[in-house]
Each structure stands twice: as C-alpha cells, then as structure tokens.
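>>> missing the sequence, but the structure's below:
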C-alpha cells in the first residue's frame with residue numbers, strides 16, 4: 001500500500017471533541033457504557049463519514065448509540081428475533097475461557113464435528129465437553145473442522161501498538177487509469193447518485209459500509225452465493241437501500257457486473273477471494289479504474305483466518321477488560337468493531353472516489369476488525385464502566401413493510417437522512433439498476 005486516508009487517520013490521531021468531552025464527564029451516563037471508549041469510537045467513526053461528505057448537521061450521540069445497537073432494536077412483526085445461536089458464546093475450559101461463533105448453520109455443524117457432539121447438542125452438553133479439555137485443545141479441534149473459535153486472551157499492548165503504527169485505513173494505488181469523471185447529483189443528500197457499488201460482504205461490517213453508501217445515493221447490489229443463505233434478521237438489520245441477488249462468483253454475469261461497477265466491497269476471507277479469482281490483484285488487473293474496498297477480521301496478514309466481531313473482542317483482550325468480575329469475559333455494549341469498520345471504510349471509499357476523479361487510477365482500500373480493536377485499545381479508558389443511560393428507541397427508529405411484514409429498525413446515524421426500506425433477501429435480479437456513469 002502506498003498511501004493512507006489523511007482525513008480518517010487525523011480524526012483518531014488528534015484529540016477529538018468526543019474524547020475531551022469524555023474526560024470531563026468520565027462518570028456521565030452513556031448509551032454505550034463500557035470501560036473502553038466505545039462511545040468515542042462510534043462518534044469518531046460516524047464523524048469520518050460526515051467529514052468526507054462535507055455533511056452539515058448536529059450529531060446525535062443517542063442516535064449513534066442506537067444505530068450501533070441496531071440488532072437489539074430490530075423488530076419483525078413486533079417481535080425481537082433471536083440473533084445468537086446456542087453454539088455462539090463463552091465457554092470455560094479446564095485452563096481458561098474460549099469463545100465460539102456458530103450463528104451460521106455451516107459453522108455450527110463444523111463446531112459439532114470438531115467436538116464430536118450431535119448437531120442437537122445443548123448448552124449443558126457443550127459445557128461438559130469444554131470443561132474436560134484445555135482451551136487450546138478445543139479451539140484446535142473446532143478450527144481444524146472448519147468452525148470458529150478463539151482463546152480468550154488478555155491484551156498485548158506491544159502488539160496493539162505495532163498495529164497502530166499502521167494506518168487505520170490503508171489506501172493504495174494498484175494501477176493506472178485515466179481520471180474518471182462521475183455524474184454529479186443535484187441532490188446534496190445523495191452525493192453518490194450514479195455510482196455503482198457491488199457488495200460482496202456479509203455480517204455487519206461490510207453491510208454497514210454498503211448500507212451507508214446506499215444512504216448517500218449509490219446503486220448498491222449485494223450478491224450472495226446460491227448455497228449460503230443469510231439469516232433473515234441479519235439482512236433486514238443492514239440491507240437498507242440495497243438490492244439483493246444470488247449469483248455464482250465464477251459466472252460470466254459476475255464479470256459483467258464487475259465491469260460496470262465503480263466500487264466493489266469485499267468481506268470474505270482473503271484466501272477464499274483468491275480461490276474465486278476475486279483477490280484485489282486479480283480485480284485490479286481485469287477491471288482498471290475499479291475501487292476495491294476490503295474488510296477482514298484479522299487483517300490481510302492472516303488470509304486464511306475467518307472471524308467475527310465477538311471473536312476479535314475475545315482474542316484481542318477487549319473481553320477481559322470488559323469483564324464484570326475479572327474472571328468471566330465480558331463484551332462491549334455493541335458490536336462496535338463491526339460498525340466502526342463499516343463507517344470508516346465507507347468514508348474512505350467516498351474519499352477515494354473523489355481522488356479517482358482527480359487523479360485516475362485503480363485503488364485498494366482496506367481495514368480490519370483487529371486494526372479497529374487496536375485503535376479502541378489505545379484510546380482513553382475508565383477503571384469502571386459508565387452508568388447506562390436509558391434511551392427511548394422509538395425516537396431513533398424507522399418502520400417499513402418488507403414482503404408483507406412489519407419491520408422496525410434503527411434509523412441512520414448520519415443526521416438528516418432516512419433509510420430506504422430493506423428488500424427481501426435474494427429477491428432481485430443480478431443486474432445494475434442505475435444509468436451508466438461517464439466512466440463507461
């Protein structure tokens with residue numbers, strides 16, 4: 001990588017107003033109460049989008065908190081969906097704790113294979129298996145079977161400092177291409193009108209990024225593989241303003257979509273993208289002028305590792321910092337690594353689109369949940385979590401009808417904007433909707 005986002009990194013490198021406010025009000029109630037500076041991270045991440053877009057308006061800390069807690073606000077036909085699988089959670093081994101993630105059925109099946117337990121094993125069965133083995137033994141068995149598990153660890157300040165020496169968002173030029181004029185939108189609330197974004201992401205961080213781009217007017221088309229269903233709640237929580245279709249990544253139609261895209265956002269493991277011919281290097285060679293944005297859990301130095309926010313919290317030391325008693329791991333008040341990574345990447349994409357218009361080029365933009373975790377671990381922290389401030393969620397929500405069902409979701413964190421309704425998952429055709437831009 002040859003460059004970095006000056007705007008985004010400056011927000012975190014300099015003392016933000018939120019951090020100064022926080023030190024003056026260390027014990028003030030918060031809608032995102034924690035020992036670590038979760039609310040500051042959220043505010044700075046959303047602010048990065050506002051500054052990139054030159055958006056006016058007063059930020060609403062409560063609305064940002066509700067947006068970060070959107071999975072808890074979601075209601076489908078008046079009911080809160082179950083968002084955690086019984087195969088996801090903290091488990092005590094004979095020498096410590098581990099964290100598993102089994103929300104997707106294929107990950108749950110892999111966990112059961114690795115532990116040699118039936119697919120309908122209950123929490124008591126799993127506790128007994130974990131208690132009889134070491135952390136490393138259980139983690140290795142699950143990972144070797146294709147499942148997801150990590151050891152719960154304490155923070156490693158030296159490692160985090162090394163990560164913070166690298167840009168929070170890395171932006172690099174991957175090839176030459178003539179400057180690409182874009183179609184200016186007369187609507188200042190939709191500055192990305194005419195920009196096409198191909199969304200190849202899943203699970204919060206990537207979808208939050210592309211949802212934000214759709215909120216700013218982009219034509220966002222999410223593509224999922226035909227054999228990997230998405231939990232309904234997850235799509236309704238982050239699918240606003242996007243169309244959704246199924247398509248094999250190796251199909252000629254995928255190549256046609258990529259050739260007409262301004263931006264592609266990648267959220268799958270780097271090694272998996274390599275196998276599909278969708279690595280940044282492959283895409284840059286085939287589609288000059290494309291902006292390739294990439295999110296990963298652990299960073300591009302770990303191409304084979306899959307992961308989620310909860311696993312990064314556990315392995316990075318965040319879970320033990322947020323422990324209520326110093327023994328059992330705790331969690332952040334929201335999946336803040338995911339949400340922050342999504343907003344930060346969206347801001348960087350916006351910046352890079354403007355840079356491509358001025359300078360031309362093919363560009364790669366990237367960050368990881370682990371890099372965001374290192375940033376959070378380097379921010380001011382408290383000895384004790386703040387008191388929690390109650391917020392009326394109805395003041396920060398939107399209601400839609402999707403496929404005949406009532407859906408209530410969190411409103412946008414960006415001031416003055418409203419979401420378009422989520423569409424039914426996989427209910428659209430894999431083709432672009434918007435007119436061609438000048439680059440085509």
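Alright, I've got the coordinates. Worth saying up front: this structure is predicted, and the values here are computed from it rather than measured.

>>> And residue 354, how far from residue 64?
Residue 354 sits 25 Å away from residue 64, going by Cβ to Cβ, to the nearest Å. Glycine gets a C-beta too; all of them are placed from N, C-alpha and C.

>>> With neighbour numbers in mind, choose between the two.
The residue with the greater number of neighbours, taking residue 354 and residue 64 and applying other Cβ atoms under 10 Å, is residue 64; the counts read 26 against 13.

>>> Go ahead and confirm that one touches residue 43.
Yes: applying Cβ atoms under 8 Å, one finds residue 64 in contact with residue 43, separated by 6.1 Å.

>>> Excluding chain neighbours, give the residue nearest to the residue sitting furthest away from the middle of the chain in space.
Distance from the C-alpha centroid of the chain peaks at residue 132, with 34.5 Å (Cα atoms, centre = their mean). With Cβ to Cβ, 6 or more residues apart in numbering as the criterion, residue 132 has its nearest non-adjacent residue at 7.0 Å, and that residue is residue 94.

>>> unless I'm mixing things up, the one you found is touching residue 136, no?
No: no contact is recorded between residue 94 and residue 136 when judged using Cβ under 8 Å, the distance being 10.9 Å.

>>> Dig out what residue 221 forms beta bridges with.
For residue 221, the beta-bridge partners under DSSP bridges are residue 198, residue 243.

>>> from what I can see it touches residue 197, true?
Yes: at 7.3 Å, residue 221 counts as touching residue 197 under the criterion of Cβ under 8 Å.

>>> Domain parsing of this protein, as residue ranges.
3-80+169-410, 89-151 (automatic domain parsing).

>>> Can you say which of the ones you listed is packed in most?
Using mean count of other Cβ atoms under 10 Å, the stretch among those with the largest mean neighbour count is domain 3-80+169-410, at a mean of 20.

>>> so how far is residue 319 from the residue nearest to residue 149 when sequence neighbours are not counted?
On the basis of Cβ to Cβ, 6+ apart, the spatially nearest residue to residue 149 that is not a chain neighbour turns out to be residue 142, at 4.1 Å. Note on residue 142: its distance to residue 319, by Cβ to Cβ, is 17 Å.

>>> Is it correct that the residue farthest from the centre of the chain is in contact with residue 92?
No: in terms of Cβ under 8 Å, residue 132 does not count as a neighbour of residue 92; the distance is 11.0 Å.

>>> mind listing what residue 332 touches?
When contacts are counted by Cβ atoms under 8 Å, 6 or more residues apart in numbering, residue 332 is found next to 32, 34, 36, 38, 313, 318, 322.

>>> Distance check, the last one against residue 358.
Shown here: residue 322 relative to residue 358, a distance of 43 Å by Cβ to Cβ.

>>> quick one: low-confidence ranges for the stretch 101-250 of the chain?
Within the stretch 101-250 of the chain, the stretches falling below the threshold (pLDDT under 70) are 182-188.

>>> do that again at 80, thanks
Low-confidence segments of the stretch 101-250 of the chain, defined by pLDDT under 80: 181-189.

>>> Let me see the ranges of the strands in it.
Assigned by DSSP state E, counting those that start in this stretch, the strands in the stretch 101-250 of the chain fall at 149-151, 170-175, 196-200, 219-224, 243-246.

>>> how about those in JSON lines, adding distance to residue 258?
Written out in JSON lines, the entries for the strands of the stretch 101-250 of the chain read as follows (distance: least, Cβ to Cβ, whole Å):
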{"stretch": "strand 149-151", "distance to residue 258": "33"}
{"stretch": "strand 170-175", "distance to residue 258": "15"}
{"stretch": "strand 196-200", "distance to residue 258": "6"}
{"stretch": "strand 219-224", "distance to residue 258": "10"}
{"stretch": "strand 243-246", "distance to residue 258": "14"}
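
>>> Setting aside sequence neighbours, what's the nearest residue to residue 89?
Residue 89 sits nearest to residue 100 (Cβ to Cβ, 6+ apart), 6.4 Å away.

>>> Likewise for residue 273?
Leaving out its chain neighbours, residue 273 is closest to residue 279 (Cβ to Cβ, 6+ apart), at 5.0 Å.

>>> Repeat that for residue 55.
When the adjacent residues along the chain are set aside, residue 55 lies closest to residue 414, with 6.7 Å between them (Cβ to Cβ, 6+ apart).

>>> Could you count how many residues lie near that neighbour?
Neighbours of residue 414 using other Cβ under 10 Å come to 25.

>>> Repeat that for the one 3 residues further on.
For residue 417, the tally of surrounding residues (other Cβ under 10 Å) stands at 16.

>>> who's in contact with residue 426?
Shown here is residue 426, whose contacts under the criterion Cβ under 8 Å, 6+ apart are 224, 230, 244-246.

>>> what's residue 406 sitting at in phi/psi?
The phi and psi values for residue 406, taken as degrees, to the nearest 10, are phi -80, psi 130.

>>> In this structure it contacts residue 397, no?
No: counting by Cβ under 8 Å, residue 406 does not reach residue 397; the two are 11.9 Å apart.

>>> Pull the contacting residues for the residue nearest to residue 132.
For residue 94, the residues meeting the contact criterion (Cβ under 8 Å, 6+ apart) are 131-134.

>>> Can I get the residues you listed in JSON lines including distance to residue 367?
Formatted as JSON lines, the contacts of residue 94 follow (distance: Cβ to Cβ, whole Å):
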{"residue": "131", "distance to residue 367": "37"}
{"residue": "132", "distance to residue 367": "39"}
{"residue": "133", "distance to residue 367": "35"}
{"residue": "134", "distance to residue 367": "33"}
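
>>> Which pair of those residues spans the longest distance?
Maximum pairwise distance among those (Cβ to Cβ): 10.5 Å, between 131 and 134.

>>> Quick check: neighbours shared by those two?
Both residue 131 and residue 134 are contacted by 93-94, under the criterion Cβ under 8 Å, 6+ apart.
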